[in-house]
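Asks: Structure of the sequence below:
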Amino acid sequence: MRWQKPLATAVVLTTLTTPLTATATEHPGGACSPNARFLGFSDALNKTTYGGQLVSGLSALNVTGPHSAVALVDNVLTSPARVFDLKISSKPTVSVDGITILKRPDGTPFNAQDFDGEGLVVERGQRTILATSEREPSIRRFRLSDGLQIGSLPVPTRFQVAPAGEAVTNGTFESLTASRDGRSVFAGMEEPLAPDGRDADGRGRNRILRYTGFSGHDYRVTSQYAYHTDPGLSLVELAWVNPGELVSMERTFVPGVGNTIRVFTVSLRHATDVTAKASLKDAPDKAFVQKKLLFDLVNCPPSGATAGQPQPNPLLDNVEALALGGHLPGGRRQLYLLSDDNNGPTQTTRFYSLAVDLH
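Replies: Reported below is the predicted structural model:
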């Protein structure tokens, strides 16, 4: 979702003719919470181009190896839908070393008129990806070799944007993640369906759809889980940890104040299937998955970061992407965040590295 519209101000761009790598700021990181330590950030991708395309609007991230990842672009102006191959490290360092244009079945590129990329899964074997567009919404499968759409996942009618369904515009599939074995895919709604709404405290009654099947093949929706956002926040990212646990990220933006970015652990161990419920308004709290705050980004050390607009911590920006990496020394897990600058001069494409304890 594009939380801020790009301003009509010229933005200076740097063309990446060769992969550009920048290390984290020299300022040290530090604790964000008892279970999260900030390792650093890099602004190396900010206001750059690669292959003639803006490295901008990065809204989803999937780690594919110890030093590799793929990032999905959302609806940036009239440019084609695309994913970038990234080289990454925990330090962190980040560079772009490849691009794939996402194309319709007829071979023409998707663009902002019919594709708003928000969620990403690189499927097993790394030959195909699943990418959500929150316009309809849709979950499409693309080949990475040529970017061609070769399939799609079914979306229940009620999750379509009104009037076709009960979803609100720009409030659908903002997040997507898959289990390690590829047999489960989770798609999270950014906002509640109209019959579900928010409670008196402003908590969203969101739904997470669980698809089951096999990676690279057909999936079907087999269950829905109820998820309470924090008051005023929206669900923008999910990452799979194990069969009983996810990581979620919630976000909001207030003009003149800045962003709120919170990351949670989510337990699925006693999750209730709420598919049959026409509305979650009367659902008891026990019907919602249990979550626990892992960290609030505002509590991480600024580490020398600067912000082009008011923020409660200059480290903050419009963070839309979250991905888990491998295990770090000491048993903690690598976690990366990535912000979407909306191609705006006051926002930054920023790559964050953290070590988190998920036990």
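
Asks: From here on, just use CA atoms for contacts and neighbour counts.
Replies: Fine.

Asks: Run a quick neighbour tally on the nearest residue to L77 once chain neighbours are set aside.
Replies: Closest residue in space to L77, ignoring its immediate chain neighbours: A112 at 6.4 Å, by Cα to Cα, 6 or more residues apart in numbering. By other Cα atoms under 10 Å, 16 other residues sit near A112.

Asks: which residues sit in contact with A112?
Replies: 74-81 (Cα atoms under 8 Å, 6 or more residues apart in numbering).

Asks: Out of the residues you listed, who's the most crowded?
Replies: D74 (30 neighbours).

Asks: That residue contacts L61, doesn't it?
Replies: No: checked against Cα atoms under 8 Å, the pair D74 and L61 is beyond contact range at 11.7 Å.

Asks: so where is this structure shaky, pLDDT-wise?
Replies: Residues of the chain meeting the criterion pLDDT under 70: 1-28, 216.

Asks: Now with 50, please.
Replies: Applying pLDDT under 50 to the chain picks out residues 1-26.

Asks: partner residues bridging W240?
Replies: L246 (DSSP bridges).

Asks: That one and A71: what is the separation?
Replies: Applying Cα to Cα, to the nearest Å, the value for W240 to A71 is 17 Å.

Asks: Out of the two, name the residue with the larger neighbour count.
Replies: More crowded of W240 and A71, by other Cα under 10 Å: A71, with 27 against 21.

Asks: does the residue lying closest to that one once chain neighbours are set aside count as helix, strand or coil?
Replies: Once flanking residues are discounted, A71 sits nearest to L61: 4.5 Å by Cα to Cα, 6+ apart. The three-state label given to L61 by DSSP: H, G, I helix; E, B strand; the rest coil is strand.

Asks: contacting residues for H67?
Replies: 87-89 are the contacts of H67 under Cα under 8 Å, 6+ apart.

Asks: I meant G308, not that one.
Replies: 345-348.

Asks: Mind giving me the ChimeraX select for those, buried ones only?
Replies: Applied in ChimeraX, the following selects the buried portion of these according to 16 or more other Cα atoms under 10 Å:
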select :345,346,347,348
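
Asks: Now distance to A31 and secondary structure too, for the contacts of G308, in TSV please.
Replies: What follows is the contacts of G308, written out as TSV (distance: Cα to Cα, whole Å; DSSP: H, G, I helix; E, B strand; the rest coil):
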residue	distance to A31	secondary structure
P345	30	coil
T346	27	coil
Q347	25	coil
T348	23	coil
